[in-house]
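>>> I would like to see how this sequence folds:
(2 chains)
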Number of protein chains: 2
Amino acid sequence: MVIELMKAHASVRDYKEKQLSQEEVSELVEAAQHAATSHFVQAYSIIWVTDPEKRRKLGELSSNAKQMEGAGAVFLMCADYNRLQHAGRLQGQEIVFDRAENLIVAVTDVGLLAQNLALAAESKGYGICYIGGVRNNMEAISELVGLPEGVFPVYGLTVGVPNEANGVKPRLPVEAILHENEYNEAKYETILPEYDSTIEAYYASRGSNQKTATWTQQMADFLRKPRREDLKGILAKKGYHFK
Amino acid sequence: MVIELMKAHASVRDYKEKQLSQEEVSELVEAAQHAATSHFVQAYSIIWVTDPEKRRKLGELSSNAKQMEGAGAVFLMCADYNRLQHAGRLQGQEIVFDRAENLIVAVTDVGLLAQNLALAAESKGYGICYIGGVRNNMEAISELVGLPEGVFPVYGLTVGVPNEANGVKPRLPVEAILHENEYNEAKYETILPEYDSTIEAYYASRGSNQKTATWTQQMADFLRKPRREDLKGILAKKGYHFK
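Below you'll find the model as predicted:
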């Protein structure tokens, strides 16, 4: 059942050695591509990093060396207007993708593609992990795998046979996420402290990596300072000027 | 099978009258929330629009009146740092979300959530359609459902019992999307004209809404001019300054 599969998701960071075959990767990518795409633009590409030396460097550059070297497959999930530039030029037309709208469309297209890919992999018994760390060194990573103008890695995705079983982290309760007709922020006053207790109990009780923390503590700490302040400039160099 | 379900996806815009129940919506949202989320921020909210008058206005504002009035459920899939502001304040901390990184994180979180929700709905026999048109009038829509600072609708999602069966549109071939170790734009020279023939044949042969068009023609035409040029300013008013 699809819903049970979704509810069993936990990130996997430690994998067995088995590498995914070309056939398996093609099957996953093809399924993933059937996600909806804004106006059929399909503004994405996937770099499958198989070369051991590139994987080693990519792992270093994204602060995930062990996981990326050990995974059964390593993908860079990229926003891509380069292919659309080629499409335009075949029609004698330069395309425009320098607005906020274009960035939102591409990041969305990549998201729908990636979640299909992740779930398709999980449906075959693989584990997966998204890696935001590829945004730490976006220029060096772009050079490593030759990403041209219009293409940037939104995140990495590792896939492989799990070598660990992680517990499912309790999400915010549905009523914190779902608002009927009107956004209601007043409810957070009671929901968030309750959720803090849930998360605190979860961290205290889990088998490994126990800690003392609540969700609001983690969030306050994590979002205290700006992160990845070079991104705007790098995206602009890629043609995403966010005008 | 999950992969077969994905490959059967086609957008549905015409629905039967049946409305989704609170239980069904909660089940779908809960499954959706189990998608990965960047550093556990869960930077999303869903507005479930059930009020007939709001649905009528939302349909008008997003240029999708018929579909939104007729659907079994209408959701606004929102990026949300407002809840995280509340989390921070519970800890005596103002959070920062004014960088490019924060926009990418929120749009990604919404994407993974939305694709899980869409697929969970399809697994129960419902049809779905994403609606980018909610970005046409983002301020008026925000006012309609009371979205505060930090919250904006990335897209709508309609769900319902299909009243039409649409054919699956042929996607770009896997080799157009998937690059091994190095991005290869040279291959587009042959792949794109071949794909144009595929799409031309698809449009000419389908049962309804036949047309004469290739993919590169559609893309060149669609991306000739900037779109939604007010977005940057509206996002800034919401606190997404993209610094």
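
>>> which stretches of chain A have low pLDDT?
Applying pLDDT under 70 to chain A flags no residue at all.

>>> Show me what residue of it gets nearest to chain B.
residue A:111 (2.1 Å; Cβ to the nearest Cβ). Yep, even glycine has a C-beta here, placed from its N, CA and C like the rest.

>>> Just confirm that residue contacts residue B:104, I think it does.
No: the pair residue A:111 / residue B:104 is not scored as a contact, 10.0 Å apart, by Cβ atoms under 8 Å.

>>> Quickly list what's touching both of those two.
residue A:154 (Cβ atoms under 8 Å, 6 or more residues apart in numbering or on different chains).

>>> Determine the longest helix present in chain A.
Using DSSP state H, we find that the single longest helix of chain A is helix A:100-123.

>>> what's the spacing between that one and its chain's center?
Here helix A:100-123 is found 8 Å from its chain centre; the criterion is Cα atoms, centre = their mean, to the nearest Å.

>>> quick one, that helix and helix B:100-123 angle?
50 degrees (axes from the mean of the first three to the mean of the last three Cα atoms, to 10 degrees).

>>> Chain A: helices as residue ranges?
Going by DSSP H, chain A shows helices at A:2-7, A:22-33, A:52-61, A:65-70, A:82-90, A:100-123, A:138-144, A:174-177, A:188-205, A:215-222, A:231-237.

>>> could you dump those helices to JSON lines with distance to residue B:34 and mean neighbour count?
Listed next are those as JSON lines, based on distance: least, Cβ to Cβ, whole Å; neighbours: other Cβ atoms under 10 Å in any protein chain shown:
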{"stretch": "helix A:2-7", "distance to residue B:34": "5", "mean neighbour count": "18"}
{"stretch": "helix A:22-33", "distance to residue B:34": "18", "mean neighbour count": "20"}
{"stretch": "helix A:52-61", "distance to residue B:34": "27", "mean neighbour count": "17"}
{"stretch": "helix A:65-70", "distance to residue B:34": "21", "mean neighbour count": "18"}
{"stretch": "helix A:82-90", "distance to residue B:34": "32", "mean neighbour count": "22"}
{"stretch": "helix A:100-123", "distance to residue B:34": "10", "mean neighbour count": "26"}
{"stretch": "helix A:138-144", "distance to residue B:34": "28", "mean neighbour count": "19"}
{"stretch": "helix A:174-177", "distance to residue B:34": "11", "mean neighbour count": "17"}
{"stretch": "helix A:188-205", "distance to residue B:34": "14", "mean neighbour count": "15"}
{"stretch": "helix A:215-222", "distance to residue B:34": "16", "mean neighbour count": "20"}
{"stretch": "helix A:231-237", "distance to residue B:34": "28", "mean neighbour count": "16"}
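
>>> Of all these, which one is nearest residue B:64?
Distance to residue B:64, taken as Cβ to Cβ, is lowest for helix A:100-123 among these, at 17.0 Å.

>>> Helix A:82-90 and that closest one, what's the angle between them?
Orientation check (the same axes, to 10 degrees): helix A:100-123 against helix A:82-90 gives 120 degrees.

>>> Kindly export helix A:100-123 (C-alpha atoms) in PDB.
Extracted C-alpha coordinates of helix A:100-123, given in PDB (Å, rounded to 0.1, in the frame of the first residue of the first chain):
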ATOM      1  CA  ALA A 100      11.400  34.600  -9.400                       C
ATOM      2  CA  GLU A 101       8.700  32.500 -11.200                       C
ATOM      3  CA  ASN A 102      11.200  30.500 -13.100                       C
ATOM      4  CA  LEU A 103      13.200  29.500 -10.000                       C
ATOM      5  CA  ILE A 104      10.000  28.400  -8.200                       C
ATOM      6  CA  VAL A 105       8.900  26.400 -11.300                       C
ATOM      7  CA  ALA A 106      12.300  24.600 -11.600                       C
ATOM      8  CA  VAL A 107      12.700  23.900  -7.800                       C
ATOM      9  CA  THR A 108       9.100  22.600  -7.800                       C
ATOM     10  CA  ASP A 109       9.600  20.400 -10.900                       C
ATOM     11  CA  VAL A 110      12.700  18.900  -9.300                       C
ATOM     12  CA  GLY A 111      10.800  18.300  -6.000                       C
ATOM     13  CA  LEU A 112       7.900  16.400  -7.600                       C
ATOM     14  CA  LEU A 113      10.400  14.300  -9.700                       C
ATOM     15  CA  ALA A 114      12.700  13.600  -6.700                       C
ATOM     16  CA  GLN A 115       9.900  12.500  -4.400                       C
ATOM     17  CA  ASN A 116       8.600  10.100  -7.000                       C
ATOM     18  CA  LEU A 117      12.100   8.800  -7.500                       C
ATOM     19  CA  ALA A 118      12.600   8.400  -3.700                       C
ATOM     20  CA  LEU A 119       9.300   6.600  -3.300                       C
ATOM     21  CA  ALA A 120       9.800   4.400  -6.300                       C
ATOM     22  CA  ALA A 121      13.200   3.300  -4.800                       C
ATOM     23  CA  GLU A 122      11.600   2.700  -1.400                       C
ATOM     24  CA  SER A 123       8.900   0.600  -3.100                       C
END
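
>>> hmm, back to that, with residue B:89 as the reference, measure out to the closest residue to the residue of chain A closest to chain B other than its chain neighbours.
Sequence neighbours aside, residue B:111 is the residue nearest to residue A:111 in space, at 2.1 Å (criterion: Cβ to Cβ, 6 or more residues apart in numbering or on different chains). Per Cβ to Cβ, to the nearest Å, residue B:111 is found 27 Å from residue B:89.
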